[in-house]
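J.: how does the following fold in three dimensions:
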Amino acid sequence: MSAESYKGGEINSQQAEAISTLASANEYKGKSRIITLLELPWGRKWKYFRDQLLARSAAAVAIVCVVIYIAIQVLTPTATPKLYVAVFNDAVSQQEAATLQSQVASKLDLPEGRKGGVLIDTYFSSDENGISKLQTMIANHEIDVIVATPKTYKELSGYGYLTNLDSSLTKSQRTTLSSDFVTLKGFKDSDDPDYNGSGKGRVEPFGVSMTDFKRWSTLKSAKSDAIIGIVQESQNRGIAQQFIDYLNE
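T.: Numbering: from 1, shown residues only. Now for the predicted structure:
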């Protein structure tokens, strides 16, 4: 290590650099770090940048990246399913529902899963949590079709979640399936906030019995008395109609 002579004796190069830094401190006092960096001699720029600016620059870049990522997520939301089927109380097993999902996706030329595809979800129940989950998802336009056994389907119809099939099915479907229509009471609206209109509405065809549906009947775990219908807020009604046709092929 080299040594330099100073008044009072010799010092090494590191001590000399420290003394030089202290000596020049007053020259840059009051100036911003960027200005100081620009005015420093080339030989001292990197050390100053490393000690004074590198960590701050890295933090700033990280923050910018996070902001950009969040903006991308907000501006380009994940695609919702083109067909979301809510299956209640094990009207068909999870395993056979997964097989059916693959078959339907292939038939409709759609991917499987939540991102713009076909999703047959068997994790719905008729308890308070299950109904709350369904209500939230319907309000967010996520659910297209409901499959449930008669008791549960009657309850869901009474809450007003399902469409009148006289208006939500095609003319051809109404002709073919009218004998299998299930008429139930719907929800009765009222201006009284304390009034409970559940199951007090008009009797209308809110579902179709799948007892005689050909493809549905081939599923070993499928409940033979299951009912299917299209929900009020479905934004994929045409695909829901195709799904009903597929189950009856």
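
J.: now the phi/psi pair for Thr183, please.
T.: Per-residue torsions, Thr183: phi -90, psi 130 (degrees, to the nearest 10).

J.: output the below-cut-off pLDDT ranges for this structure.
T.: Along the chain, the parts satisfying pLDDT under 70 run over 1-34, 36-46, 48-59, 62, 65, 67-79, 191-195, 197.

J.: please parse this protein into its domains.
T.: In the domain annotation for the chain, the residue ranges read 3-75, 83-247 (automatic domain parsing).

J.: where along the protein do the helices fall?
T.: Assigned helices in the chain, in chain order: 13-28, 33-39, 42-52, 54-75, 94-108, 128-139, 150-158, 165-168, 171-177, 214-217, 237-247 (criterion: DSSP state H).

J.: how about the fifth one: buried residues?
T.: Read that as helix 94-108. Neighbour-count burial for helix 94-108, counted by 16 or more other Cβ atoms under 10 Å, picks out 96-97, 100-101, 104-105, 108. Every residue, glycine included, has its C-beta placed from N, CA and C.

J.: and that helix with helix 237-247, angle?
T.: On the basis of axes from the mean of the first three to the mean of the last three Cα atoms, to 10 degrees, helix 94-108 is oriented at 110 degrees to helix 237-247.

J.: how about residues contacting helix 94-108?
T.: The contact list for helix 94-108 (Cβ atoms under 8 Å, 6 or more residues apart in numbering) reads 82-83, 87, 92, 110-112, 117-122, 219-222, 239, 242-243, 246.

J.: redo that, cut-off 6 Å
T.: With Cβ atoms under 6 Å, 6 or more residues apart in numbering as the test, helix 94-108 has contacts from 112, 118, 120, 122, 219, 221, 246.

J.: residues in contact with stretch 158-178: which ones?
T.: By Cβ under 6 Å, 6+ apart, stretch 158-178 touches 138, 185-187, 198-199, 204-206, 208, 229-232, 241.

J.: out of those, the closest to Ser132 would be?
T.: Distance to Ser132 across these (Cβ to Cβ) is lowest for Ile138, with 11.0 Å.

J.: so the closest one makes contact with Gln235?
T.: No: under the criterion of Cβ atoms under 6 Å, Ile138 is not in contact with Gln235, lying 11.1 Å apart.
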